[in-house]
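Sequence plus predicted model, see below.
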Amino acid sequence: MAVFESLSGRLQEVFRRLRGKGKLTEADVNDALREVRTALLAADVNFRVVKDFIARVRERAVGAEVLESLTPAQQVIKIVYEELTALMGGEHAKLSVAPKPPTVILLVGLQGSGKTTHAGKLAVHLRKQGRRPLLVAADVYRPAAVRQLQVLGEKAGVPVFQMGQQDPVAIARAGVEHARSTGLDTVIVDTAGRLHVDDELMGELERIKAAVSPHEVLLVVDAMAGQDAVNVAEEFHRRLGIDGIILTKLDGDQRGGAALSVRAVTGRPIKFAGTGEKLDALEPFHPERMASRILGMGDVLTLIEKAQEAVDAEKAMALAKKLAKDQYTLEDFRDQLRQMRRLGPLEQILSMIPGLGRLRELQDLKVDEKELARVEAIINSMTVQERRHPEIIDGSRRRRIAAGSGTRVADVNRLLRQFEDTRRLMKQMSSMERTLARRGGKGPRLPGLGPGLPPGFPPGRR
Ligand SMILES: Nc1nc2c(ncn2[C@@H]2O[C@H](COP(=O)(O)OP(=O)(O)OP(=O)(O)O)[C@@H](O)[C@H]2O)c(=O)[nH]1
């Protein structure tokens, strides 16, 4: 599922028609903007936000400068892109860091918004940046919450501070003290949630805030709640004062209304987006990249960052050498598959590649994660000899491998064909890159990605 799927589709359709017109009149632009308005409202964007947005775009788009330019449709799209970016806050808003550690981050939000999960994700994210976080369990009403945080901490390799079911204010204070005395530089306090905003909860959060003076109060809201999420954010901000927002479950939100309105309504930026249940499914929120994804222009920068995190640079170098010597094996193929899977769900990845959204045949491509598992099972059923010298895999070996991996001989045949295609293509790519490198030019590959990924991806597409 791609975020903003329907909004993105509708906007691209509007602009496709606009582009088809060549010369534009004011009426053409007004018609297009009316459709943009309908699309935004259907995406559950707050109606006041939509109204202001359309007014701003219209003001910039109907002038002579745009309409009489050589590429009026392009100009209109550019204006929409810029205004969408501005709507979501313009620049990426970073987390603040305390001048003197520890930095204290207070996570607040309703029950089920994904607070505890995102405490863990944030810890993983900070650790990857070389920080030393501490998770503090101050959600004492739901006994399972403390345990949940401990489990997350173990998975993330991040220490967890807890004192059982005591006063959350005391726990938060002791947690910060613990970080200070043990040299941990960032404290993430997980607080209790309720089903609704209520006085008791707000009172408790205010007391915690006063006790630990956090550098960041981050509100965790569920994007799937749409306009309710925006109302919750407004309420929390009014009562508690927040510094930023973590918008969760963006992977499940087809409409995108919350992402587009929450900044405009609260005046506070979205700092992170949660895109899945796993601990690494967290993206720093970049308004311009999100605008680009909405308009079907892809998001290559986020893709590159993900790839750099997932791909082991040393392995990629080793692979490049092997390719040059024509020693690429099925073991390498399997390694690449594993790396690819670490990037996240393939549909999310595909939505970040410019232009892919517009390709008809890709629109109904449902990436089959099971197919990836099957490919891995087949390779695992081979002997080391077979993986390194696939040419020895004859008919009887194919039958044995199929039986061993619980697949059919046809599956094994297909995999071997794909492996051959991949090997051939990768050889071509790597010799192209070498030629380009010799000429001092830049290769077309993504840094950190190539030649790390099978170009025929995803494998097993029939
Ligand atoms: N798809 C998806 N699911 C998520 C995401 N973040 C959290 N979840 C799921 O949402 C559910 C609730 O998450 P929790 O972290 O337990 O929520 P919480 O806000 O801590 O809840 P309380 O502790 O009860 O206040 C869990 O099943 C998570 O796996 C996300 O970004 N995407």
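Right, received. Where do you want to start?

residues from the stretch 151-300 of the chain in reach of the ligand?
Residues of the stretch 151-300 of the chain lying close to the ligand by C-beta under 6 Å from any ligand atom are 193, 248, 249, 251, 252, 274, 275, 276, 277, 281. (Each C-beta comes from the backbone N, C-alpha and C, glycine too.)

What about these, which are in strands?
Among those, the members falling in strands (DSSP state E) are 248, 274.

Among the residues of the stretch 151-300 of the chain next to the ligand, which one is most surrounded by other residues?
Neighbour counts for these (other C-beta atoms under 10 Å) peak at residue 248, which has 32 neighbours.

so who does it touch?
Contacts here follow C-beta atoms under 8 Å, 6 or more residues apart in numbering; on that basis residue 248 touches 113, 114, 117, 118, 220, 221, 222, 223, 273, 274.

can you do 10 Å?
Contacts for residue 248 (C-beta atoms under 10 Å, 6 or more residues apart in numbering) come out as 109, 112-115, 117-118, 121, 220-225, 229, 258, 272-277, 281-282.

Next: residue 294.
3-4, 7-8, 11-12, 43, 80-81, 84-85, 88, 256, 259-260, 357.

per-residue confidence at it?
Per-residue confidence (pLDDT) for residue 294: 85.

Could you report the separation of it from residue 395?
In this structure, residue 294 and residue 395 are 51 Å apart, going by C-beta to C-beta, to the nearest Å.

follow-up on the earlier one: tell me which of the contacts of residue 294 has the lowest pLDDT.
The member of the contacts of residue 294 with the lowest pLDDT is residue 357, at 51.

Which secondary structure elements does the helix or strand that residue 54 is a member of sit against?
Assigned by DSSP states H and E, residue 54 belongs to helix 47-61. With contacts taken as 3 or more C-beta pairs under 10 Å, 6 or more residues apart in numbering; DSSP states H and E, helix 47-61 sits against helix 26-42, helix 72-87, helix 257-266.

got the CA coordinates for the first one in PDB?
Going back to what we said before, that points to helix 26-42. The C-alpha trace of helix 26-42 is given here as PDB (Å, rounded to 0.1, in the frame of the first residue of the first chain):
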ATOM      1  CA  GLU A  26      -7.500  31.200 -16.300                       C
ATOM      2  CA  ALA A  27     -10.600  29.100 -16.700                       C
ATOM      3  CA  ASP A  28      -8.500  26.000 -17.300                       C
ATOM      4  CA  VAL A  29      -6.500  26.600 -14.100                       C
ATOM      5  CA  ASN A  30      -9.700  27.300 -12.100                       C
ATOM      6  CA  ASP A  31     -11.200  24.000 -13.300                       C
ATOM      7  CA  ALA A  32      -8.100  22.100 -12.400                       C
ATOM      8  CA  LEU A  33      -8.000  23.700  -9.000                       C
ATOM      9  CA  ARG A  34     -11.600  22.800  -8.400                       C
ATOM     10  CA  GLU A  35     -10.600  19.200  -9.000                       C
ATOM     11  CA  VAL A  36      -7.600  19.500  -6.700                       C
ATOM     12  CA  ARG A  37      -9.900  20.800  -4.000                       C
ATOM     13  CA  THR A  38     -12.300  17.900  -4.400                       C
ATOM     14  CA  ALA A  39      -9.300  15.500  -4.200                       C
ATOM     15  CA  LEU A  40      -8.000  17.100  -1.100                       C
ATOM     16  CA  LEU A  41     -11.300  17.000   0.600                       C
ATOM     17  CA  ALA A  42     -11.800  13.400  -0.300                       C
END
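
Next, the angle from it to helix 72-87.
Here helix 26-42 runs at 40 degrees with respect to helix 72-87, directions being taken by axes from the mean of the first three to the mean of the last three C-alpha atoms, to 10 degrees.

I'd like to know which elements helix 26-42 is packed against.
Secondary elements touching helix 26-42 (3+ C-beta pairs under 10 Å, 6+ apart): helix 5-19, helix 47-61, helix 64-67, helix 72-87, helix 257-266.

Buried residues of it, list them for me.
Buried residues in helix 26-42, counting neighbours by 16 or more other C-beta atoms under 10 Å, are found at 28, 29, 32, 33, 35, 36, 37, 39, 40.

The ligand: which of these is nearest?
residue 40 (23.1 Å; C-beta to the nearest ligand atom).

Surely that closest one is in contact with residue 83?
No - between residue 40 and residue 83 there is no contact under C-beta atoms under 10 Å: 11.2 Å.

who touches both of these two?
In contact with both residue 40 and residue 83: 53, 54, using C-beta under 10 Å, 6+ apart.

can you map out the helices along the stretch 301-450 of the chain?
Using DSSP state H, counting those that start in this stretch, the helices found in the stretch 301-450 of the chain span residues 313-324, 330-342, 346-350, 360-363, 369-380, 384-388, 395-405, 409-438.

Where among the ones you listed is average confidence lowest?
helix 360-363 (a mean of 46).

Show me the domain layout of the protein.
The chain breaks down into these domains under automatic domain parsing: 5-87, 103-295, 304-438.

Distance across the first one, terminal residue to terminal residue?
The one in question is domain 5-87. 19 Å (C-alpha to C-alpha, to the nearest Å).

Assign the residue nearest the centre of the chain to one of the three secondary structure states.
Centre of the chain computed as the mean C-alpha position; nearest residue by C-alpha atoms, centre = their mean is residue 283, 4.6 Å away. The three-state label given to residue 283 by DSSP: H, G, I helix; E, B strand; the rest coil is strand.

and it, bridged to which residues?
For residue 283, the beta-bridge partners under DSSP bridges are residue 273.

so what's it scoring on pLDDT?
pLDDT at residue 283 comes out at 94.

Going forward, the N-terminal residue is numbered 625.
Sounds good: first residue 625 from here, last item residue 907.

Wait, residue 798 touches residue 758, no?
No - counting by C-beta under 10 Å, residue 758 is not a contact partner of residue 798; they are 11.2 Å apart.

More neighbours: these two, which one.
Per other C-beta under 10 Å, whichever of residue 798 and residue 758 has more neighbours is residue 758, with 24 against 17.

Next, that one: phi, psi?
phi -130, psi 130 (degrees, to the nearest 10).

Could you do residue 814 as well?
Dihedral angles (degrees, to the nearest 10) for residue 814: phi -90, psi 120.
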